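In: Just a sequence and a predicted model for now, questions to come.
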Amino acid sequence: MTIGLSRVAGAEEDISLDELRLAARNHGLPLEALRYDVTPEGLHYLLIHYDIPHVDADAWRLDVLGRRYSLDDLRALPAVTARVTLECAGNGRAKLHPRPVSQPWLDEAVGCAEWTGTPLAPLLADLPPDAVDVVFTGADHGVDRGVEQDYQRALPVAEALREDVLLVYAMNGRPLPPQHGYPLRLVVPGWYGMAHVKWLCSVTAQDHRFEGFQQAVAYRIKQEADEDGVPVTRILPKALLAPPGFPDFMTRRRFVRAGPVLLHGRAWCGFAPIAHVEVGVDGGWQEAKLDPPTDPHAWRRFEHVWDATPGDHELSVRATDAEGRTQPVDQPWNRQGMANNMAQRVPVTVRP
C-alpha cells in the first residue's frame, strides 16, 4: 500500500479549487456567534471528512466489544448532558507560511454545544485485561492520500474509561443533526475534534497501539513528510475576540467609533482550566475580566473595555491555562497545520 504525502503549497501558490471545495462544504463559526454561551447547532463549526452517510436509525446498531445496542437501548441507559467545546485540530492552518494544503481554516473552527448521551465506560466493563487501545469506527467511508478507509480513531484505555467520555445522541436538546453524526457520535471532552468520531458504528479493543490512517498518518505534528511526528491529542489554550463594531464586506476589517468599546470573547483549553486572558492593543497587553466558569469543558467568557482612539489599530488576545501554557504570539510551523493556537489579531479602524 502506497500512502501519498501531505502537501505544502509553494511560496506563491494560491488557494486551489480543491481547497475551496472543502471550504464550501465545511464551515466555521461566525465569530459574532461567540456571544452565545451555547452555540446554536447551525452555527457550530463543521468538518466532514467524506460524505454524510445515510443511516437508518431503526436498523442501526452500535457494536461494543461484540454486544449490539439499538438507539433505544442507549437512550434507556443513564443520561448525561455536558457543555463541551470542540475545536478542529487544523484550526488556523490557512494562516501558516508555507500553507499546508488541506481544509483552509482561519480561526473559526470551534463551537460549544450541549451534548446528551450515556457514558461509554460502563459499556466497556468487559474490556480485555490486555487491552491497549479502544478503536472507534464511523460509517463515513472514503479515500485519503490514496488509502480507502472507514473513518477510525482510537483512544488509550485510560482515556476511553474516563467518566466524561460520552456516546452522544442529542445536541442542544434535539436529536443529532445528520451532519453532526446522527444517530450517534463520540464526545471526548478536552480533545481536538478528530477524536469525536461521528456516525459511530463500532467500538473494539486491541492489545497493541492502533495504526490506522487517521491515527498514525494524519493528525501528527511534524516538520518533514517522512517523520513519524507527535500525535495530536488535547486542545491547547486559545482565546478569540468577538468582532467589535461593524465589518468591511470583503476584508472583514472592523470599524468602531471612538470612546469606550466593550471587547468580549471566549477562551478554552483541553489540558487545564483557563487561568487568565490578556487583550492586546498595538502590542501592549492588559488583563481581561473572566466570567465565572460553567461546565468544566465549556469555553469561558471574558471582557475588556478599550478606550478607542481614532486611527488604525491591531487588537489581539491570548489565554493562559492553570498549568502555565500560554498562546504564542507567532505560530510555530508544522507540516500538517495542526494544533495552531497563536494569538488572534484583529485589525480595527476607529472613526471619530
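Out: Yep, that arrived.
In: List the buried residues in stretch 10-20.
Out: Going by neighbour count (16 or more other CB atoms under 10 Å), the buried part of stretch 10-20 is residue 19. (Glycine included, C-beta is placed from N, CA and C.)
In: mind starting the numbering at 6 from now?
Out: All right, first residue 6 from here; so that's stretch 15-25.
In: Can you show me the CA trace of that stretch as CSV?
Out: Extracted C-alpha coordinates of stretch 15-25, given in CSV (Å, rounded to 0.1, in the frame of the first residue of the first chain):
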residue,chain,number,x,y,z
GLY,A,15,4.5,26.6,-3.0
ALA,A,16,5.7,30.1,-1.9
GLU,A,17,3.5,31.9,-4.5
GLU,A,18,0.7,29.2,-4.8
ASP,A,19,-2.8,30.5,-4.4
ILE,A,20,-5.7,28.6,-2.7
SER,A,21,-6.7,25.8,-5.0
LEU,A,22,-10.1,24.8,-6.3
ASP,A,23,-9.8,21.6,-4.2
GLU,A,24,-9.3,23.7,-1.0
LEU,A,25,-12.2,25.9,-2.0
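In: Identify all contacting residues around the lengthiest helix in the chain.
Out: In the chain, assigned by DSSP state H, the helix with the most residues is helix 22-30. Residues outside helix 22-30 that contact it (CB atoms under 8 Å, 6 or more residues apart in numbering): 53, 106-109.
In: Mind checking which of those are in helices?
Out: Using DSSP H, none of these sit in helices.
In: Now for the residues you listed: which two are most distant?
Out: The largest separation in the contacts of helix 22-30, counting by CB to CB, is between 53 and 106 at 18.0 Å.
In: still on that earlier bit, how about JSON lines for the contacts of helix 22-30, with neighbour count, pLDDT and distance to residue 262 added?
Out: Compiled in JSON lines, the contacts of helix 22-30 are given as follows (neighbours: other CB atoms under 10 Å; pLDDT from 0 to 100; distance: CB to CB, whole Å):
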{"residue": "53", "neighbour count": "20", "pLDDT": "97", "distance to residue 262": "40"}
{"residue": "106", "neighbour count": "20", "pLDDT": "94", "distance to residue 262": "41"}
{"residue": "107", "neighbour count": "18", "pLDDT": "94", "distance to residue 262": "39"}
{"residue": "108", "neighbour count": "21", "pLDDT": "95", "distance to residue 262": "36"}
{"residue": "109", "neighbour count": "20", "pLDDT": "96", "distance to residue 262": "33"}
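In: need these in a markdown table with distance to residue 150, can you?
Out: Shown next, in a markdown table, are those (distance: CB to CB, whole Å):
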| residue | distance to residue 150 |
| --- | --- |
| 53 | 17 |
| 106 | 11 |
| 107 | 11 |
| 108 | 14 |
| 109 | 17 |
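In: Tell me the one of these nearest residue 141?
Out: Looking across the contacts of helix 22-30 and measuring by CB to CB, the closest to residue 141 is residue 53, at 16.5 Å.
In: can you pull the contacts of the closest one?
Out: 30-31, 145, 184.
In: Mind doing that once more with 10 Å?
Out: 27, 30-31, 108, 145, 147, 156, 183-186, 203-204 (CB atoms under 10 Å, 6 or more residues apart in numbering).
In: ditto for residue 109
Out: By CB under 10 Å, 6+ apart, the neighbours of residue 109 are 14, 20-21, 24-25, 27-28, 31, 95, 98-100, 342.
In: Could you count how many residues lie near the closest residue to it other than its chain neighbours?
Out: Leaving aside its sequence neighbours, residue 109 sits nearest to residue 99 (CB to CB, 6 or more residues apart in numbering; 3.8 Å). Neighbourhood size, residue 99 [other CB atoms under 10 Å]: 20.
In: I figured residue 99 hits residue 342, correct?
Out: Yes: the pair residue 99 / residue 342 is scored as a contact, 7.8 Å apart, by CB atoms under 10 Å.
In: mind checking pLDDT for the most centrally placed residue in the chain?
Out: Nearest to the geometric centre of the chain sits residue 92, at 1.5 Å (CA atoms, centre = their mean). Per-residue pLDDT puts residue 92 at 98.
In: surely it meets residue 272?
Out: No: applying CB under 10 Å as the test, residue 92 and residue 272 come out as separate, 11.7 Å apart.
In: what touches both of the two?
Out: Common neighbours of residue 92 and residue 272 (CB under 10 Å, 6+ apart) are 243, 304.
In: ok so, going back, which residues are in contact with both of residue 99 and residue 342?
Out: Joint contacts of residue 99 and residue 342 (CB under 10 Å, 6+ apart) are 105, 107-110.
In: could you give the mean pLDDT of the one helix or strand residue 120 maps to?
Out: Per DSSP states H and E, residue 120 falls inside strand 115-124. Strand 115-124 shows a mean pLDDT of 98.
In: Which is the succeeding secondary structure element to it?
Out: Assignment by DSSP H and E places the next element after strand 115-124 at strand 138-149.
In: Can you name every helix or strand that the helix or strand that that following strand is followed by contacts?
Out: Of the helices and strands lying after strand 138-149 in sequence (DSSP H and E), the nearest is strand 152-161. Applying 3 or more CB pairs under 10 Å, 6 or more residues apart in numbering; DSSP states H and E, we find strand 152-161 packed against strand 138-149, strand 205-211, helix 218-221.
In: what do you get if the cut-off is 6 Å, keeping everything else the same?
Out: Counting contacts by 3 or more CB pairs under 6 Å, 6 or more residues apart in numbering; DSSP states H and E, strand 152-161 is packed against strand 138-149, helix 218-221.
In: Need those in TSV (columns: distance to residue 282, mean neighbour count and mean pLDDT).
Out: Output for those, formatted as TSV (distance: least, CB to CB, whole Å; neighbours: other CB atoms under 10 Å; pLDDT from 0 to 100):
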stretch	distance to residue 282	mean neighbour count	mean pLDDT
strand 138-149	33	19	97
helix 218-221	32	19	96
